[in-house]
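J.: sequence and predicted structure, then a few things I'm wondering about:
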Amino acid sequence: MAIRVKDYTNKQSPLSPGHRLCPGCGAPTAVHQGLMAVDSPLVVVNATGCLEVSTTVYPFSAWRVPWIHTAFENAGAGVSGVEAAYVALKKRGKISEDIKFVTFGGDGGTYDIGLQSLSGALERGHDFTYICYNNQGYMNTGAQRSSATPRGTNATTSPAGSVVPGKLQKAKDLTAIAAAHNIPYVAQTSLYNMTDVAEKVKRAVETPGPAFVNILVPCVLFWGIDPALQQDICKQAVETRFWPVYEVVNGEWKLTYKPRKRVPVEEFLKPQGRYRHLFKGEEGAKMLQQAQADIENDWVKLLQRCGETWTPEE
Amino acid sequence: MSRREIISGNWAFAEAMRQINPDVVAAYPITPSTDIPMKFSEFVADGKVDTNFVTVESEHSAITACVTAAAAGARVMTASSANGVGLMHEIFPIAGFFRSPIVFGLVNRSLGAPINIHCDHSDSMGERDAGWIHLYCEDAQEAYDTAVMAVRLAEHDNILTPVFVCQDGFITSHGFEPVEMLDDETVKRFVGERNARYPLLDVKNPVTYGSFASTEYYFEIKRQQVEAMENALKLYDGVAREYEAVSGRYYPMLDAYRTEDAEFVVVVMSSAAGVVKDVVDELRDKGVKAGCLRIRMFRPFPFDGVAKALSHAKAIAVLDRSLSLGGTAPVVSEVRSALYRASALIPVQSYVFGLGGRDFFPQNARDIFTDLEKGQIVGEERYIGLLE
């Protein structure tokens, strides 16, 4: 489903300018790019988080489409209720439009506190798309670790200290957990090129039934990067295979991009303030080795799932 | 044609749901309200309703889906009890603020721990400040009638507030008694159709629900909910009278039983009122001016009505089926407040009874009236039927 960006350059984003998210924040980019190629009328459900608080500061709203937020851990249930009402009212002839439902949650609202609610909604088969804008930690409360935070990260509840080198645990593989619900469409992507997010979200939205898209996005404050490097840092995440991009369509795993070369993980970690401590001393070097080993292990598993081989250029 | 059947309180509520045929029901089973979603799912399976029944994975998701479905423009109902109600706690004020007209069958059960499946009012009393209307029913008939009436109350343009229809767990919910039900067409006509003013699903007129309101706005928004409660107090009787016109049954917000000239009044809610009323009759036969005031509407609290109904009393007993640990039990606290507002400084004795389903017998009621007659009014709360 290749799309052409120029076909959408005049299309208004459902999220207007003037919201209060930080310059360089990946969340609004995920919304703009994700919904760029969606043509149907939309209703957006939002979990509590940066995207929610910063786009709806009363009495203003940056949303040009119907939007609802109730709480943090329940976006899955929230979209279930809206979609259930839609199905009921449509059946009773009170609604004529074909409406699509898109939910946004950060990794806190999705990987952690909202996982049960999301799992329930996926299992019940509501027709909706859940988009996790994953910046790998709790940013709305100030850069705490989440279960999406990678091993070795310096976060405010897993700080890199003189004894403990940041977060010790590996990130949860939520995309695989979503896929294990046997839903028709699951994808993982990042803001690494202009069309991948748009194509995947379009496909997710147009697929009947539940769909889940996990988008790696930077938080400039937590990641400690130059706001101008949003796309570059996402590119490095994909090129280093730290964040592979793929789809699971009706249970079939498919890599959507294979890096040509073997790029060491340092290329992704080095520009980020949250990994500065890994580039000092023996302990840091060990953590870097571990990070590379994690990538290689996960990559082998992913290649197997996708029935692929990989021969990088030397 | 109305019909009369021997059914339980839960079934009575479920029957009302069948006749209301809401757009969406999202519910999660918990004792003793489980029969409500179970019975309702049979109606769905047999095509007796065309409701979209969402079998959520928790009570938290149940109430969330109810709130968002109501925002979407749907008519919504659900049911729960005890710890299920506790799990929903976070979302209740959101439902109140969203002005979601949800009708909620709350089957009262003690809030654990210790875990106990039987009746007291600790679950609903924990939600008394959430911005919901609270109606407490004495029996299955009243649970049925109140469910139907509550739709109109919740969806009234000047109220637009969710309603708890409370009945006592097991005592009412599982007790079988004759219940007279209206015919389907009458209920359908009485509840009409919901016409939401700002439905989320109106994609041509997009609205934002649940935005971030800072210090400059929060207070005013909460004050508007106060106004909705005041309106509910004013408009309740109109709905109750309309219901009387179709059913022949009238349910005032306060059920004052032989209180007109009563010197000794027991104030109580829900099923225990039946026991008290029996004892009132017994004492009246002996010449004692006894009365019972059953508070049916606890939120908004009818302060003036309570003060008026108690104005002739020499002594008052207030029975609470829940505790406020380290404080004053909820019903007595409001009754004292009502009397104080009316400058009626009548002695009030507080009793706590029935926790965890402890039975309440006629002899307990007789003993309470004896306390009042003898003027045995103490500052501390007394406990009825305590074994230690």
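T.: The structure has been received and is ready for your questions.

J.: all contacts plus neighbour counts: C-alpha atoms, from now on.
T.: Will do.

J.: and the stretch 1-150 of chain A, which residues reach chain B?
T.: Residues of the stretch 1-150 of chain A that fall close to chain B, judged by Cα under 8 Å from any Cα of the partner chain: A:41-43, A:52-53, A:56-59, A:61, A:63-71, A:74, A:77-89, A:116-117, A:120-121, A:124.

J.: mind giving me the ChimeraX command for buried ones among those residues?
T.: Burial among the residues of the stretch 1-150 of chain A next to chain B is assessed by 16 or more other Cα atoms under 10 Å in any protein chain shown; the matching ChimeraX selection reads:
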select /A:41,42,43,52,53,56,57,58,61,63,64,65,66,67,68,69,70,71,74,77,78,79,80,81,82,83,84,85,86,87,88,89,116,117,120,121,124
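
J.: the residues of the stretch 1-150 of chain A next to chain B in strands, which ones?
T.: A:Leu42, A:Val43, A:Trp67, A:Ile68 (DSSP state E).

J.: make a markdown table out of the residues you listed and add pLDDT.
T.: Formatted as a markdown table, these follow (pLDDT from 0 to 100):
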| residue | pLDDT |
| --- | --- |
| A:Leu42 | 97 |
| A:Val43 | 98 |
| A:Trp67 | 98 |
| A:Ile68 | 98 |
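
J.: which ones among the residues of the stretch 1-150 of chain A next to chain B map onto helices?
T.: Mapping these onto helices (DSSP state H) picks out A:52-53, A:77-89, A:116-117, A:120-121, A:124.

J.: before we move on, the earlier item: mind giving me a markdown table with the ones in strands among the residues of the stretch 1-150 of chain A next to chain B and columns for distance to B:Val279?
T.: Output for these, formatted as a markdown table (distance: Cα to Cα, whole Å):
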| residue | distance to B:Val279 |
| --- | --- |
| A:Leu42 | 61 |
| A:Val43 | 58 |
| A:Trp67 | 56 |
| A:Ile68 | 52 |
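
J.: show me which of the residues you listed is closest to B:Val148.
T.: A:Ile68 (28.7 Å; Cα to Cα).

J.: what about A:Glu308, how many neighbours?
T.: Counted by other Cα atoms under 10 Å in any protein chain shown, the residues lying close to A:Glu308 total 13.

J.: hang on, I meant A:Ala148
T.: Applying other Cα under 10 Å, we find 22 residues neighbouring A:Ala148.

J.: in space, what's closest to B:Phe212 - neighbours in sequence excluded?
T.: Take B:Phe212 and drop its neighbours on the chain: the residue closest to it by Cα to Cα, 6 or more residues apart in numbering or on different chains is A:Val57, 4.9 Å away.

J.: residues contacting the closest residue to chain B within the stretch 151-300 of chain A?
T.: In the stretch 151-300 of chain A, the residue that lies nearest chain B is A:His181 (14.4 Å; Cα to the nearest Cα). Counting by Cα atoms under 8 Å, 6 or more residues apart in numbering or on different chains, A:His181 touches A:Ser119, A:Leu122, A:Glu123.

J.: go on, B:Leu201?
T.: A:Val43, A:Pro66, A:Tyr86, B:Ala72, B:Gly73.

J.: wait, what's in contact with the closest residue to chain B within the stretch 1-150 of chain A?
T.: With Cα to the nearest Cα as the measure, A:Gly81 is the residue of the stretch 1-150 of chain A nearest to chain B, at 3.8 Å. A:Gly81 makes contact with B:Val24, B:Ala26, B:Val54, B:Thr64, B:Ala65, B:Cys66, B:Val67, B:Thr68, B:Ala69, according to Cα under 8 Å, 6+ apart.

J.: count of neighbours near the second one?
T.: I take that to be B:Ala26. Residues contacting B:Ala26 under the criterion other Cα under 10 Å number 29.

J.: could I get the contacting residues of residue 279?
T.: No chain specified, so I'll use chain A. Applying Cα under 8 Å, 6+ apart to A:Phe279 gives the contacts A:Lys270, A:Ala285.

J.: that was the other one, I meant chain B.
T.: Applying Cα under 8 Å, 6+ apart to B:Val279 gives the contacts B:Pro362, B:Ala365, B:Arg366.

J.: give me the low-pLDDT residue ranges for the stretch 251-388 of chain B?
T.: Along the stretch 251-388 of chain B, no part satisfies pLDDT under 70.

J.: in it, which residue sits nearest chain A?
T.: Per Cα to the nearest Cα, B:Arg299 is where the stretch 251-388 of chain B lies closest to chain A, at 23.4 Å.

J.: pretty sure that residue sits against B:Ile133.
T.: Yes. Using Cα atoms under 8 Å, B:Arg299 is in contact with B:Ile133, at 4.9 Å.

J.: mutual contacts of those two, please.
T.: What both B:Arg299 and B:Ile133 touch, as defined by Cα under 8 Å, 6+ apart, is the set B:Met229.

J.: and chain B, which residues reach chain A?
T.: Near chain A, when you scan chain B using Cα under 8 Å from any Cα, you find B:23-24, B:26, B:51-52, B:54-57, B:60-62, B:64-74, B:91, B:94, B:200-203, B:205-214, B:217.

J.: strands - which of the residues you listed land there?
T.: If you go by DSSP E, the residues of chain B next to chain A have B:Val24, B:Ala26, B:Asn52, B:Val54, B:Thr208, B:Tyr209 in strands.

J.: what about the helices in chain B?
T.: Using DSSP H, the helices of chain B run over B:9-20, B:35-45, B:59-72, B:82-88, B:92-97, B:122-125, B:140-155, B:184-191, B:215-247, B:272-285, B:303-309, B:330-341, B:362-373.
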